[in-house]
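When you get a sec, could you give me coordinates for this:
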Amino acid sequence: MEDVAAALKDLNSDSAKTRERVIKNLTPALLQDAQVIEALQKIVSTDPVEYVREAARVQLVAIGQTPRESVAPIQMKQEGAGKPAIFAVGLVGAVIAICVCVPIFVITILAMTGPQIGNIFSRITNGLAAP
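You can find the predicted model right below:
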């Protein structure tokens, strides 16, 4: 009875990987339990993750049960699903910072040095041209 309770608990886990692992490792004795069969039927028809539904479907067919009809796949946000979007926002932010902040910095330096900037560039150019 403890095995049935533990299996039922894991079949209702929040982790899709845990549900799939438990389904694939169900013993023949557990596959004969009415509560486990009912849990597998529920998973086949309502689980939001396709590979978990498929694992339950395979187990039910293996024991001669007819799986219930699956409902349309439910979309759930999986771990890491938002990371590309966060990266894109960061990249856009960095490009904007470079395109806006660098010119402002250069204009500020030019405004502060005023006419002296021409002398500085002349010295650099003359220094490079001198033999």
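
Work out for me the element Asn119 sits within.
helix 116-129 (DSSP states H and E).

scratch that, Asp14
Per DSSP H and E: nothing holds Asp14, as it lies in no helix or strand.

Can you tell me how far it is from Val102?
Separation of Asp14 from Val102 (CB to CB, to the nearest Å): 47 Å. C-beta: built from backbone N, CA, C; applies to glycine.

Equivalent analysis for Thr46, please.
Where Val102 is concerned, Thr46 sits at a distance of 54 Å (CB to CB).

just Ala56 next, same as before
Applying CB to CB, the value for Ala56 to Val102 is 57 Å.

Those two - which one has more neighbours?
Each of Ala56 and Val102 has its neighbours counted (other CB atoms under 10 Å); Ala56 has more, 28 against 10.

same question for stretch 7-25, mean pLDDT?
Confidence for stretch 7-25, expressed as mean pLDDT, is 92.

Oops, could you answer that again for stretch 60-71 instead?
pLDDT averaged over stretch 60-71 equals 78, rounded to a whole number.

Now that stretch - C-alpha only, PDB.
Extracted in PDB, the C-alpha atoms of stretch 60-71 (Å, rounded to 0.1, in the frame of the first residue of the first chain):
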ATOM      1  CA  LEU A  60      -1.700   1.800 -20.400                       C
ATOM      2  CA  VAL A  61      -1.500   0.100 -23.800                       C
ATOM      3  CA  ALA A  62       1.100  -2.300 -22.400                       C
ATOM      4  CA  ILE A  63      -1.300  -3.500 -19.800                       C
ATOM      5  CA  GLY A  64      -4.200  -3.700 -22.200                       C
ATOM      6  CA  GLN A  65      -6.000  -0.600 -21.100                       C
ATOM      7  CA  THR A  66      -7.500   1.800 -23.700                       C
ATOM      8  CA  PRO A  67      -6.100   5.300 -23.000                       C
ATOM      9  CA  ARG A  68      -8.600   8.100 -22.800                       C
ATOM     10  CA  GLU A  69      -8.600  10.700 -25.600                       C
ATOM     11  CA  SER A  70      -6.100  13.500 -25.000                       C
ATOM     12  CA  VAL A  71      -7.300  17.000 -24.700                       C
END
